[in-house]
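> coords please:
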Amino acid sequence: MKAGLQEFIRRFVRPIDKNLKDQLYVFAICIGISIFFWLLIKLSKEHTTTIPLSVKFEQIPQDKLLINNPDPHIYIDIDATGSDLIGMKFFKRRPRITIDVNEQPFIRSGNTSRVRIPTNQILDMNLLRNEFHEKLINVSPDTLILEFEDLHSKKVPVQADLKYELKQQHFLSDKVLLTPDSIVITGRKNQVMSVDYVKTRFLEYKELSNKIDREVDLLIPEDWDNMKVSDNRVHLEIPVQKFTEIEKKISIQISNVPKTYSVKMFPEDVQVVYRVAIEEYELITEEMFHVSVDYNDVLESNSRILKVNLLNHPDQVEIVSMNPSQIEYIIVKEND
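The predicted structure is shown next:
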């Protein structure tokens, strides 16, 4: 059968008999003319079709979120000939409709609001009739409905999702710093109120010996598609420095002693061991430390021992130890 079909095609394309060849050409021409006139008849007849016009919503208020999915098209039904329809669908530029939402009246209902836009308010019907040769049948929908929910904002802290190990004889000369340390999130009320903090992308450092100073992305959950954040990145600073360990003798101060009494302490000073960055150790003096005991503690207990308090020290040092942490004392009454 396949061989017979191939032979027929061969005879049609290259007929042996010249008369047959002429007859086949005439037949093909007749078929072509018939198809041409059939198309003319079809294209001259009127047909009803629907043409979509794109609608773009602009100027949506920043404090509102569109919560429904309005159709981004207005559909017009027209009655036209086939040739006109071909021209309109493939060669004619369709008008695009732009709606300024901010200019529309909002109908409030609790935390939500609605905008109703009748189609005849945004379409120039006469223009459409001229555009489509006065064969406009119908426009749908008759009303565009937009539903909104009020947006809420909240300031939440940023947490560094961070793991690090310091190289030997290195320390943090200050606290880990994030800038900004908080961001503002904006979205639907139930979403916003459920958020307590935002984390950074996870970072891990081993044998850390140098200061880290870089930008890091915030970890924004996938279900935050309708949420806005004031920042997507924060600046991370990890102040790492090589340290030296220093020991200083600091005199103990006493507070709240009545004028008619004096207190003799044993011992009268403590040894404070601290770590400080090598380049800063010469800047640290004894006067920057405040070690004290409180006479009121004597009145509150019958103990012969007072607790020593380190009330103040330079921000750039890390206290290792203070010895002793307690002292003995004798109260002496002054002569009048």
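> Asp297 - that's part of a helix, no?
Yes: residue state for Asp297 (DSSP: H, G, I helix; E, B strand; the rest coil) corresponds to a helix.
> any idea how far Ile254 is from it?
Distance, Asp297 to Ile254, using CB to CB, to the nearest Å: 10 Å. Using the backbone N, CA and C atoms, a C-beta is placed for each residue, glycine as well.
> Glu279 too?
35 Å.
> Tell me which of the two has more neighbours.
Of the pair Glu279 and Ile254, Ile254 is the one with more neighbours under other CB atoms under 10 Å, namely 18 against 11.
> What residues are bridge-paired with that one?
Beta bridges link Ile254 to Val293 when assigned by DSSP bridges.
> The nearest residue to Lys264 once chain neighbours are set aside: which element?
Nearest residue to Lys264, sequence neighbours excluded (CB to CB, 6 or more residues apart in numbering): Ile330, at 4.4 Å. Ile330 is part of strand 326-333, with elements assigned from DSSP states H and E.
> Output the contacting helices and strands for that strand.
On a contact count with 3 or more CB pairs under 8 Å, 6 or more residues apart in numbering; DSSP states H and E, strand 326-333 meets strand 261-266, strand 305-307.
> Could you tell me how many residues sit around Lys249?
10.
> need the helix or strand of the chain with the lowest average pLDDT.
Within the chain, no helix or strand scores below helix 125-131, which has a mean of 53 by mean pLDDT, DSSP states H and E.
> if we can go back for a sec, any idea which of the helices and strands packed on strand 326-333 is most buried?
strand 305-307 (a mean of 15; mean count of other CB atoms under 10 Å).
> Show me what counts as buried in the helix or strand just after that strand.
For strand 305-307, the following helix or strand on the C-terminal side (DSSP H and E) is strand 309-312. Along strand 309-312, these residues count as buried under the neighbour rule (16 or more other CB atoms under 10 Å): Asn309, Leu310.
> Quick one: list the elements packing against strand 309-312.
strand 290-294.
> Just the angle for the strand it packs on relative to strand 326-333, thanks.
60 degrees (axes from the mean of the first three to the mean of the last three CA atoms, to 10 degrees).
> how about the CA coordinates for strand 290-294, as CSV?
C-alpha atoms of strand 290-294 as CSV (Å, rounded to 0.1, in the frame of the first residue of the first chain):
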residue,chain,number,x,y,z
HIS,A,290,35.4,51.7,90.6
VAL,A,291,35.5,49.0,93.3
SER,A,292,33.3,49.6,96.4
VAL,A,293,31.6,48.2,99.5
ASP,A,294,28.4,49.5,101.0
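> Show me what it is packed up against.
Checking 3+ CB pairs under 8 Å, 6+ apart, strand 290-294 ends up next to strand 240-255, strand 269-277, strand 305-307, strand 309-312.
> And it, what's buried?
Buried, per 16+ other CB under 10 Å, within strand 290-294: Val291, Val293, Asp294.
> Ok, stretch 321-329 next?
Neighbour counts over stretch 321-329 (16+ other CB under 10 Å) mark Met322, Ile327, Tyr329 as buried.
> tell me which residues in stretch 96-111 are buried?
Buried-residue list, stretch 96-111, by 16+ other CB under 10 Å: Ile97, Ile99, Val101, Gln104.
> ok, Pro52 - contacts?
Residues in contact with Pro52 (CB atoms under 8 Å, 6 or more residues apart in numbering) are His73, Ile74, Tyr75.
> Scan these and report the most crowded one.
Highest count within the contacts of Pro52 by other CB under 10 Å belongs to Ile74, 19 neighbours.
> pLDDT score for it?
Among the per-residue scores, Ile74 holds a pLDDT of 84.
> From Ala160, how far off is Arg175?
I think there's a mix-up here, since residue 175 is Lys and not Arg. Taken as CB to CB, the span from Lys175 to Ala160 is 11 Å.
> Surely Val272 and Val308 touch.
No: with contact defined as CB atoms under 8 Å, Val272 does not count as touching Val308 (10.2 Å).
> can you list residues touching both of those two?
With CB under 8 Å, 6+ apart, Val272 and Val308 have common neighbours Val291, Met322.
> For the protein, just list every one of the helices.
Ranges of helices in the chain, per DSSP state H, are 2-13, 18-44, 82-90, 119-122, 125-131, 189-193, 296-300.
> quick one on the thing from earlier: neighbour count for Lys175 and Ala160, which is higher?
The neighbour comparison of Lys175 against Ala160 (other CB under 10 Å) goes to Ala160, with 19 against 10.
> Isn't that one up against Val176?
Yes: using CB under 8 Å as the test, Ala160 is close enough to Val176 to be in contact (6.0 Å).
> Between these two, which contacts overlap?
With CB under 8 Å, 6+ apart as the test, Ala160 and Val176 both reach Leu236.
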